[in-house]
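**Student:** need a structure here:
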Amino acid sequence: MNPKQLEMIKEDCSRIFRDPDRFSALKNESVLITGGTGFMGSWLVEAIAYLNDQHGFGTKLTLVARDIDRFNQNQPHLASRSDISFIEKSVRDLIDIPGDVSWIIHAAGTPDNRAHSSNPLDVIDSIANGTMQVLDASTRLSNLKKIVNISSGWVYGAQPKEMPRVPESYISGPDSAVITSAYAEAKRMGETFCSVYKGQFRIPIVTLRPFAFIGPYQLIEKPWAINNFINDAINGGPINILGDESTIRSYMYPSDMVNWILTVLCEGESGLVLNLGSPEGCTLREVADMVCGCIPGETVVISQTLNRKPKHSVFVPDISKAQEKLGLELSVSLQDAIKKTIEWLKLG
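**Tutor:** All right, here's what the predicted structure looks like:
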């Protein structure tokens, strides 16, 4: 990471913590994050490190991850900090959690659908059994205050096309006959484990169901439409739409994502389930055009599927519950998120 990229991160963190007192419950506390070197984990670490540096929080971080070298490579400015320690292992092998941990963010589990297809049994084992390992270890903590379980918006299954935004009250599920449902089904099982441990052991747990994101630290080669569009654009174009251009998605910028996660960690009532994402749905064509408009020159958008049978789908959350319960809103528009992501990539 170069100094200009680091400055971008600090600017985003300053926006998150305009009111740092809202997160004062974390002062001088110990937080454990599983999946600590992934996209979500990387942003959470940046945010808490910022709280420590700029607001004197004195929060201690323990990161559980299989690849610490990835963290050292992507975030070298954080690698040698005394307030960050590591447990280098798969979450499914996590037997004990440091006894001083009071807060847990369980964010392990890749949303990359290539892994879901190529090794679904490992995906199920890592997510379902990994969640149970975290929950089991948490029962031995003497001062546990909250667990945030990061689930997935895919637990709803296919969102009905006539439903513009899916609320937490919608009861459905993924198609169990499709191999790529391994991820969603494992996340559903993880939520069930959380409910069981909450009821049986009185563990305070809240669940977030993430949708889609775009921003720094997200690998541009990930197999998602907006990533492909940005990758095409910064490499000179054209921008290719390989799926149905009328498919509808929404995207949250990671500074908003972190604000929501930490707010829910500090203020969310045990048993709460909330969607995590943007409610502003756009067609893939609209997203591609937006990316195109952020690149100077003569980049064009080409749809590869105009003559194919459409496979239109919707994946957009209803966030009214998060707004009502915790006053959560979005501060970064999709257009600004795309601009900031392109700027980040060009700086690299």
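**Student:** Residue nearest the middle of this structure, spatially speaking?
**Tutor:** For the chain, residue 40 is the residue whose C-alpha lies nearest the centre (Cα atoms, centre = their mean; 4.6 Å).
**Student:** Just give the closest residue to that one, not the sequence neighbours.
**Tutor:** Leaving aside its chain neighbours, residue 40 sits nearest to residue 107 (4.7 Å; criterion: Cβ to Cβ, 6 or more residues apart in numbering). Placement of C-beta: from N, CA and C, glycine included.
**Student:** and if you look at residue 323?
**Tutor:** Nearest to residue 323 is residue 329, by Cβ to Cβ, 6+ apart, at 6.6 Å.
**Student:** that's a strand at that neighbour, yeah?
**Tutor:** No. Residue 329: not assigned to a strand; according to DSSP: H, G, I helix; E, B strand; the rest coil it is coil.
**Student:** quick one on the thing from earlier: pull out the buried positions in whichever strand or helix holds the residue nearest to the centre of the chain.
**Tutor:** Using DSSP states H and E, the element containing residue 40 is helix 39-55. By neighbour count with 16 or more other Cβ atoms under 10 Å, helix 39-55 contains the buried residues 39-52.
**Student:** can you check stretch 206-222 too?
**Tutor:** Applying a neighbour-count criterion of 16+ other Cβ under 10 Å, one finds 206-218, 220, 222 buried in stretch 206-222.
**Student:** ok, so of the residues you listed, who is nearest residue 242?
**Tutor:** Looking at the buried residues of stretch 206-222 and their distance to residue 242, the nearest is residue 222, at 14.2 Å (Cβ to Cβ).
**Student:** Next one: the closest one from residue 198, what distance?
**Tutor:** Residue 222 is 32 Å from residue 198, where distance means Cβ to Cβ, to the nearest Å.
**Student:** how would you label residue 105: helix, strand or coil?
**Tutor:** State at residue 105, reduced to three classes by three-state DSSP: strand.
**Student:** OK, contacts around it?
**Tutor:** 31, 32, 33, 34, 44, 147, 148, 150, 261, 265 (Cβ atoms under 8 Å, 6 or more residues apart in numbering).
**Student:** quick check, nearest of these to residue 311?
**Tutor:** Closest approach to residue 311 among these (Cβ to Cβ): residue 150, at 27.7 Å.
**Student:** With adjacent residues omitted, what lies nearest to the closest one?
**Tutor:** With sequence-adjacent residues excluded and distances taken as Cβ to Cβ, 6+ apart, residue 150 is closest to residue 107, at 4.4 Å.
**Student:** Can you give me the pLDDT of that neighbour?
**Tutor:** Listed pLDDT for residue 107 reads 97.
**Student:** count of residues packed around it?
**Tutor:** Residue 107 has 23 neighbouring residues, counting by other Cβ atoms under 10 Å.
**Student:** That one: what's it in contact with?
**Tutor:** With Cβ under 8 Å, 6+ apart, residue 107 has these contacts: 33, 34, 35, 36, 38, 40, 41, 44, 150.
**Student:** Would you report the backbone torsion angles of the fourth one?
**Tutor:** By that I understand residue 36. With angles defined as degrees, to the nearest 10, residue 36 sits at phi -70, psi -10.
**Student:** how close does the nearest residue to it once chain neighbours are set aside get to residue 38?
**Tutor:** Spatially, and ignoring its direct neighbours in sequence, residue 36 is nearest to residue 63 (2.9 Å; Cβ to Cβ, 6+ apart). To residue 38, residue 63 is 10 Å away according to Cβ to Cβ.
**Student:** swap in residue 294?
**Tutor:** Residue 294 is 26 Å from residue 38, by Cβ to Cβ.
**Student:** Have a look at these two and say which one is more surrounded.
**Tutor:** residue 38 (23 against 18).
**Student:** I'd like the distance between the more buried one and residue 302.
**Tutor:** In terms of Cβ to Cβ, residue 38 sits 32 Å off from residue 302.
**Student:** for residue 282, same thing?
**Tutor:** 18 Å.
**Student:** In terms of neighbours, single out the busier of those two.
**Tutor:** Comparing residue 282 with residue 302 by other Cβ under 10 Å, the one with more neighbours is residue 282, at 20 against 13.
**Student:** Show me what the more buried one is bridged to.
**Tutor:** Beta-bridge pairing of residue 282 under DSSP bridges involves residue 249.
**Student:** quick one: contacts for it?
**Tutor:** 248, 249, 250, 290, 334.
**Student:** which one of those residues sits closest to residue 242?
**Tutor:** Closest to residue 242, out of all of the contacts of residue 282 and judged by Cβ to Cβ, is residue 249, at 13.8 Å.
**Student:** quick one: the closest one and residue 287 touch, right?
**Tutor:** Yes. Counting by Cβ atoms under 8 Å, residue 249 touches residue 287, with 6.9 Å between them.
**Student:** Show me which positions of stretch 227-247 end up buried.
**Tutor:** For stretch 227-247, by 16+ other Cβ under 10 Å, it's 227-234, 237, 239-241, 243-247.
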